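**Student:** pasting the sequence and the predicted coordinates here, then a few questions.
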Amino acid sequence: MIISVASGKGGTGKTTIAVNLALALGNAQVLDCDVEEPNAHLFLHPEIKETRSASVLIPEVEKQRCNFCGHCQRVCAYHAIAVIPPKEQSKGGVLFFPHLCHSCGACAILCPQGAIREIPKEIGTIELGSAGQVQFVHGRLNVGEAMSPPLIRQVKEFVNSTRTVIIDAPPGTSCPVVASVKGSDYTILVTEPTPFGLNDLVLAVEVLKKLQIPFGVVINRSDIGDDKMESYCRESRIPVLMRVPFDREIAELYSNGIPFVLKKPEYSVKFKDMFNMIKEEVAK
Amino acid sequence: MKTLLVISGKGGTGKTVLTGSLAVLVKNKVMVDCDVDAADLHLLLHPDIKERHEFKGGQTAVIDKSLCKQCGRCMSVCRFGAIKPDFVVEPFSCEGCGLCHELCPRGAIRMKENIAGEWFVSQTRYGPFVHAKLGVAEENSGKLVAKIRQVAKELAERNGCDYVIIDGPPGIGCPVIASLSGVDLAIIVTEPTVSGLHDLKRVWETAHQFKVRTQVVINKYDLNLEYTSKVRNFCAQNSVDAVGEIPFSHDITKAVVQGVPPVAFCSNGTTDAIKAIWSRIERSLGHP
Ligand code: SF4
Ligand code: SF4
């Protein structure tokens, strides 16, 4: 079973829930798909056994063959390639803007002169390892790279379907989130009972409804803020899987990179109960 | 006119809390919310929307069943796995590259323009505010960021404003890069936690790579003094100005619940810290 943990708003405790759930279950695999700011390793301290380079394909123009017809520029939907025809003095050339390229291959496949080939460009790394019983995989996007979805998709190729797979998704509601949660059997939305938390939860709920993934909510710091979160969940018939009240000790453990189930074993039981609830929901 | 961006790398460190407070403290500016896929600043500024515009961004392939002979050419070239076995395009996977449309031997695939979101020009009690709403599960957040920044810049120039102040998105990817381009200063809000420090380093490197000057604010600094000093050391080693520290306080949550920028609500400790931060930033930019 694949359970993703997402949130809409950042900083609500997504990584905390993902990591503590994995530790409570033991026999789990954690995939950290928040490749822009991966944090799960800071709590799991995995021993990394393998590091792989992750790349995408980008076009390379063979100058001798190109006749500056401009077709590549016309077909590139992302304006990632621009053709400058030769003039009396200058030789002409093809400009490429890597930040805009989606690696779709259109320019290479459609160039009438066969002047474009595709070469790999590294966008990040994937690290594999384990922390005790928990298997661990994460992606780290190289600083300055714009496109995280291709790296997220490559991290997800390591899903071990013999285990309970827990995906730590990035915050937000746009393409990196979709790439992370797609294909999950269930999504846990972690939120906090504040107007920001509620506003972003409603957006995240819309994403999951569109993707037709069943979901439930964990309310973190459940006793701060107001009660609008509870009434929203009740009225929208969204199951509240767990409530974690604000606790300065949990906040301090978090700040030091210590998963709180290790110090507060009563939560281990709660996480297992939550997992059973999710299993029942998925079976429905 | 100076453009200031507030970012954080890690979400939830208090970025919007600071930006909302700057809306109160800074006179003669345009506010912008570039966290377009989970925008929250409007919950503190209560905008009165004056203009509403559609944002068209990207395309999606649509297969005409009556022309399609199911040859499979589209499926074999699509790099995004967007064409399902029944020859229907799955819109969340389609990135709109149009390769299938170019190659379909029967011309059965057309590209449909997406309405990817909306953007607004609003009035607030703190001055003009440009913001947006990206459709859920949409792409092109970077493009939408670029669009509203352009609108805000023109508005600020027309009104003779001193500042454009941007609430940025979390992370280091495409919307962050679009937010960073050409700003005068990026203020990074972090927190004294192992993840706060880790994410600060990555977002600082990103800003550095795009040659944007940075300053750091440590929120909830008293939650973990050991990590606060690690953040200070990081700043000192990289010659980044640490322009202030905000104490942990439940007042901030209360302010957010009331929908009021914290600087206009909280007790003295928090308010004074935020005011001091702004005066340091202002001085560093050569203003009074
Ligand atoms: S399509 Fe091929 S030949 Fe035409 S400009 Fe592009 S690279 Fe050159
Ligand atoms: S691979 Fe696709 S996105 Fe990249 S330059 Fe070629 S046509 Fe444009």
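**Tutor:** Received the coordinates, thanks. Ligands and ions are numbered 1, 2, ... in the order given.
**Student:** can you give me the domain assignment for the chain?
**Tutor:** With no chain named, the answer covers chain A. Following automatic domain parsing, one gets these domains for chain A: A:2-55+A:124-283, A:63-114.
**Student:** that's the wrong chain, I meant chain B
**Tutor:** Domain assignment of chain B by automatic domain parsing yields the ranges B:2-46+B:125-285, B:57-115.
**Student:** pull up the distance across the first one, start to finish.
**Tutor:** Domain B:2-46+B:125-285 has an end-to-end distance of 8 Å (C-alpha to C-alpha, to the nearest Å).
**Student:** same check, this time on the last one
**Tutor:** Its start and end residues considered, domain B:57-115 measures 6 Å (C-alpha to C-alpha).
**Student:** for chain B, give me the ranges with low pLDDT.
**Tutor:** Where chain B drops to pLDDT under 70, the residues are B:287-288.
**Student:** show me what from the stretch 1-150 of chain B comes close to chain A.
**Tutor:** Residues of the stretch 1-150 of chain B lying near chain A by C-beta under 8 Å from any C-beta of the partner chain: B:8-13, B:16, B:37-38, B:40, B:43, B:58-59, B:77, B:79-80, B:92-93, B:95-99, B:102-103, B:134, B:136-139, B:141-142. All C-beta atoms are positioned from the backbone trio N, CA, C, and that covers glycine.
**Student:** return the residues in contact with the nearest residue to residue A:181 once chain neighbours are set aside.
**Tutor:** If the residues on either side of it in the chain are set aside, residue A:181 comes closest to residue A:4, at 4.4 Å by C-beta to C-beta, 6 or more residues apart in numbering or on different chains. The contact partners of residue A:4, taken as C-beta atoms under 8 Å, 6 or more residues apart in numbering or on different chains, are A:33, A:166, A:167, A:168, A:169, A:180, A:181, A:184, A:186, A:187, A:188, A:213.
**Student:** next, residue A:4: secondary structure please.
**Tutor:** strand (DSSP: H, G, I helix; E, B strand; the rest coil).
**Student:** tell me how far it lies from residue A:44.
**Tutor:** Residue A:4 sits 17 Å away from residue A:44, going by C-beta to C-beta, to the nearest Å.
**Student:** so for the helix or strand containing residue A:216, what's the average pLDDT?
**Tutor:** Following DSSP states H and E, one finds residue A:216 within strand A:215-220. Strand A:215-220 shows a mean pLDDT of 97.
**Student:** next, the angle from that strand to strand A:2-6.
**Tutor:** 50 degrees (axes from the mean of the first three to the mean of the last three C-alpha atoms, to 10 degrees).
**Student:** now do strand A:215-220: everything it contacts.
**Tutor:** The contact list for strand A:215-220 (C-beta under 8 Å, 6+ apart) reads A:12-13, A:16-17, A:186-193, A:201, A:205, A:208, A:229-230, A:233, A:238-244, A:274, A:277-278, A:281.
**Student:** just the buried residues out of those, in ChimeraX syntax.
**Tutor:** Per 16 or more other C-beta atoms under 10 Å in any protein chain shown, the buried members of the contacts of strand A:215-220 correspond to this ChimeraX selection:
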select /A:12,13,16,17,186,187,188,189,190,191,192,193,201,205,208,229,233,238,240,241,242,243,244,274,277,278
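**Student:** so of the contacts of strand A:215-220, which ones are in helices?
**Tutor:** A:16, A:17, A:201, A:205, A:208, A:229, A:230, A:233, A:274, A:277, A:278, A:281 (DSSP state H).
**Student:** spit out the contact partners of the closest residue to the first one other than its chain neighbours.
**Tutor:** So the one you mean is residue A:16. In space, not counting the residues next to it along the chain, residue A:16 is nearest to residue A:254; the distance is 6.1 Å by C-beta to C-beta, 6+ apart. By C-beta under 8 Å, 6+ apart, the contact list for residue A:254 reads A:16, A:260, B:193.
**Student:** can you give me the pLDDT of the second one?
**Tutor:** The predicted local distance difference test score for residue A:260 is 96.
**Student:** same check, this time on the first one
**Tutor:** Predicted confidence (pLDDT) for residue A:16: 96.
**Student:** list the contacts of it.
**Tutor:** Residue A:16 sits next to A:43, A:190, A:220, A:254, A:259, A:260 when contact means C-beta under 8 Å, 6+ apart.
**Student:** now the last one: how far from residue B:204?
**Tutor:** Using C-beta to C-beta, one gets 28 Å for the distance from residue A:260 to residue B:204.
**Student:** ok, now the fourth one?
**Tutor:** Computed as C-beta to C-beta, the residue A:254 to residue B:204 distance reads 22 Å.
**Student:** how near is residue A:8 to residue A:171?
**Tutor:** Residue A:8 sits at a distance of 7 Å from residue A:171 (criterion: C-beta to C-beta).
**Student:** beta-bridge partners for the residue nearest to residue A:181, please?
**Tutor:** residue A:167, residue A:187 (DSSP bridges).
**Student:** ok, it to residue A:175 distance?
**Tutor:** 15 Å.
**Student:** re the thing from before, mind pulling up the pLDDT for the residue nearest to residue A:16?
**Tutor:** Looking at residue A:254, the pLDDT reads 95.
**Student:** surely residue B:245 is within a strand?
**Tutor:** Yes. Under three-state DSSP, residue B:245 falls within a strand.
**Student:** pretty sure residue A:75 sits against residue A:105.
**Tutor:** No. Proximity of residue A:75 to residue A:105 does not meet the contact threshold set by C-beta atoms under 8 Å, at 10.3 Å.
**Student:** contact partners for residue 46?
**Tutor:** Picking chain A for this. A:129, A:130, A:131, A:134, A:136.
**Student:** you looked at the wrong chain, it should be chain B
**Tutor:** Counting by C-beta under 8 Å, 6+ apart, residue B:46 touches B:124, B:125, B:259.
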